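Visitor: okay, here's the prediction I keep looking at, along with the sequence it came from:
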Amino acid sequence: MKSKHGSEALSDDSRTILATKLAQSIEGKAFSELADVTFEHRGAMLVGKVLIESLQQRGYGLSDFDAVGALTSAAVPIVDAIIHAANAQGAALNAFVMDFVYPSIKGPSIAGERVLLVDSWLSEKSYIQTSSLVTLRDGNELGLDFGIIAKEGATVVAIASLIGSRRQFEHSPKSESSSQTFTIEAVNPTTQERAQIPFVMVFDEDALRLMSPADAATTAESEPAESEHGTKDVQA
């Protein structure tokens, strides 16, 4: 099956393998920056592929944004994976990271561009335990980001994370829980302009925590073996 943007339906194998890696990363932990997955060579390939295809399934093609921004240091390897996966599909995307010391961005100019903001894990736990600029409860720090990006002359198209929490949006009338597409309100602290920004989570935290160790072991055993050159085949 193809999405409206013409991409093939998300590879079940790629998604399952990545879900297993993430489930193992967060097992027994209240929160994880997922570095053991996002900095691992196969994990990085899967992250870029699965995140792009998840966005396409929610109606966002690579032509819908010009740059990908990391909201935290944990998201830097994720945006790197995205721009490389996009390049393999013929799309030229730039990346940037939010500067937490001096409110600004680091990276190529995003003036006049449409941007996708990315983080590794966005939920109540993530904003309490990390320096994530996206606060899903009050949205104050997200408003700061929104203001910085608006000042740069760019537009936020959506926010995406590898892991999110469906429970965070249970009472939101503007959320589409069936598709795991939700909405976060951001308020520009300078102009007080309000914006409803789509939030796309690739995996739900609760679903990952329900994966049994036996399931994880079976999936790990099914991963393609290393070739003689030390590489693995990734499902297309």
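Guide: Thanks, I have it. Numbering: from 1, shown residues only.
Visitor: now stretch 78-89: mean pLDDT?
Guide: Averaging pLDDT along stretch 78-89 yields 98.
Visitor: tell me the buried residues in it?
Guide: If you call a residue buried by 16 or more other Cβ atoms under 10 Å, then stretch 78-89 has these buried ones: 78-83, 85-86. From N, CA and C alone the C-beta is placed, and that goes for glycine too.
Visitor: swap in stretch 103-119?
Guide: Under 16+ other Cβ under 10 Å, the buried positions of stretch 103-119 are 105, 107, 110, 113, 115-119.
Visitor: now those in a markdown table, with distance to E27 and secondary structure?
Guide: Output for the buried residues of stretch 103-119, formatted as a markdown table (distance: Cβ to Cβ, whole Å; DSSP: H, G, I helix; E, B strand; the rest coil):
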| residue | distance to E27 | secondary structure |
| --- | --- | --- |
| I105 | 34 | strand |
| G107 | 33 | coil |
| I110 | 37 | coil |
| E113 | 38 | coil |
| V115 | 33 | strand |
| L116 | 29 | strand |
| L117 | 27 | strand |
| V118 | 23 | strand |
| D119 | 20 | strand |
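Visitor: now for those residues, which pair is the farthest apart?
Guide: E113 and D119 (19.1 Å; Cβ to Cβ).
Visitor: list the contacts of I83.
Guide: 48, 68, 93-95 (Cβ atoms under 8 Å, 6 or more residues apart in numbering).
Visitor: from those, list the buried ones, please.
Guide: By neighbour count, with 16+ other Cβ under 10 Å, the contacts of I83 hold 48, 68, 93-95 as buried.
Visitor: let me have the residues you listed in TSV, extended by pLDDT, distance to R15 and secondary structure.
Guide: Converted to TSV, those look like this (pLDDT from 0 to 100; distance: Cβ to Cβ, whole Å; DSSP: H, G, I helix; E, B strand; the rest coil):
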residue	pLDDT	distance to R15	secondary structure
G48	98	13	helix
V68	98	20	strand
L93	98	21	coil
N94	98	26	strand
A95	98	23	strand
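Visitor: ok, now which ones touch E185?
Guide: By Cβ under 8 Å, 6+ apart, the neighbours of E185 are 139, 194-197.
Visitor: partner residues bridging it?
Guide: Here E185 sits in beta bridges with Q196, as judged by DSSP bridges.
Visitor: among the helices and strands of this structure, which has the poorest mean pLDDT?
Guide: For the chain, counting by mean pLDDT, DSSP states H and E, helix 124-129 ranks last in confidence among helices and strands (a mean of 46).
Visitor: who does the next helix or strand along the chain from that one touch, helix- and strand-wise?
Guide: Once helix 124-129 ends, the next helix or strand along the chain (criterion: DSSP states H and E) is helix 140-151. In terms of contacts (3 or more Cβ pairs under 8 Å, 6 or more residues apart in numbering; DSSP states H and E), helix 140-151 is packed against strand 104-106, strand 155-164, strand 181-187, strand 194-204.
Visitor: closest to T20 out of those strands?
Guide: Closest to T20 of the helices and strands packed on helix 140-151 is strand 194-204 (Cβ to Cβ; 10.7 Å).
Visitor: what comes into contact with the helix or strand that that closest one is followed by?
Guide: Where DSSP H and E defines the elements, the next helix or strand beyond strand 194-204 is helix 205-209. Helix 205-209 has contacts (Cβ under 8 Å, 6+ apart) with 19, 22-23, 26-27, 121, 123, 125, 163-167.
Visitor: could you redo the last one with a cut-off of 6 Å?
Guide: For helix 205-209, contacts defined as Cβ atoms under 6 Å, 6 or more residues apart in numbering pick out 22-23, 123, 163, 165.
Visitor: got JSON lines for these, with neighbour count too?
Guide: JSON lines is the format used below for the contacts of helix 205-209 (neighbours: other Cβ atoms under 10 Å):
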{"residue": "L22", "neighbour count": "27"}
{"residue": "A23", "neighbour count": "21"}
{"residue": "S123", "neighbour count": "24"}
{"residue": "I163", "neighbour count": "26"}
{"residue": "S165", "neighbour count": "20"}
